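# Sharing a sequence plus its predicted fold:
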Amino acid sequence: NAGVMQNPRHLVRRRGQEARLRCSPMKGHSHVYWYRQLPEEGLKFMVYLQKENIIDESGMPKERFSAEFPKEGPSILRIQQVVRGDSAAYFCASSRGHGETQYFGPGTRLLVL
Amino acid sequence: KNQVEQSPQSLIILEGKNCTLQCNYTVSPFSNLRWYKQDTGRGPVSLTIMTFSENTKSNGRYTATLDADTKQSSLHITASQLSDSASYICVVTHNAGNNRKLIWGLGTSLGVNP
């Protein structure tokens, strides 16, 4: 049973470009969470999705950031017009039910030049 | 305000020694408390989970305790190994009606030296 998969593992973008991060949850998990971690800081919750629905996006910046979890395929975190401050590790986690143990992927490290 | 505070912020110990990490929370109502281990460059991995009625939970050399009255938890690591070097994060589930929310601590960075 494969764990949570994220790709790409590393992503380099120039300021103003778009970054698209993908997350495939564990088999049987329909709840997906995205977190951001700046260097030397803790995890910060961004958004929680359950198949095709955004349940809680209270941690998501109001502009340039969006997330989706379509019926088929991985969850996508999209960052438009990236800025240097977006450079961070973005982790995805999945769970079988909300409030249950979250299993994390290896993260995508975004570097904005 | 629902918060999770961990101490110390960082800790360095010698291989083979024991250590205890602290977690204080003000989350209410509370559902459960988890300890995660995050190795450098990797995603967190769950170590233990405790509900309101549990006082202690062990996972190998890791033992977590919970005092729901004082809203304190600790993670005790016995006979530390070099591979224990990581960040240890305390996470408390806030029971906000239909929307349970995880409140994350900032973690304790543990270094184990030979």
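Okay, I see it.

# Would you mind listing the buried residues in stretch B:33-40?
By neighbour count on 16 or more other Cβ atoms under 10 Å in any protein chain shown, the buried set for stretch B:33-40 is B:33-38. Bear in mind the C-beta positions are built from the backbone N, C-alpha and C, glycine included.

# What is the nearest of the residues you listed to chain A?
B:R34 (7.1 Å; Cβ to the nearest Cβ).

# tell me the SS of the closest one?
strand (DSSP: H, G, I helix; E, B strand; the rest coil).

# Could you list everything it pairs with in the sheet?
Note on B:R34: beta-bridge partners by DSSP bridges are B:I49, B:V91.

# hang on, it packs against B:I49?
Yes - using Cβ atoms under 8 Å, B:R34 is in contact with B:I49, at 4.7 Å.

# what touches both of those two?
A:T101 (Cβ atoms under 8 Å, 6 or more residues apart in numbering or on different chains).

# Run a quick neighbour tally on the closest residue to chain B within chain A.
Closest approach between chain A and chain B, counting by Cβ to the nearest Cβ: A:F104, at 3.0 Å. Other residues lying near A:F104 total 22 when counted by other Cβ atoms under 10 Å in any protein chain shown.

# pLDDT score assigned to it?
Model confidence at A:F104, given as pLDDT, is 95.

# which residues touch it?
Applying Cβ under 8 Å, 6+ apart, the residues near A:F104 are A:4, A:91-93, B:43-45.

# hmm, try it at 7 Å
Counting by Cβ atoms under 7 Å, 6 or more residues apart in numbering or on different chains, A:F104 touches A:4, A:91, A:93, B:43-44.
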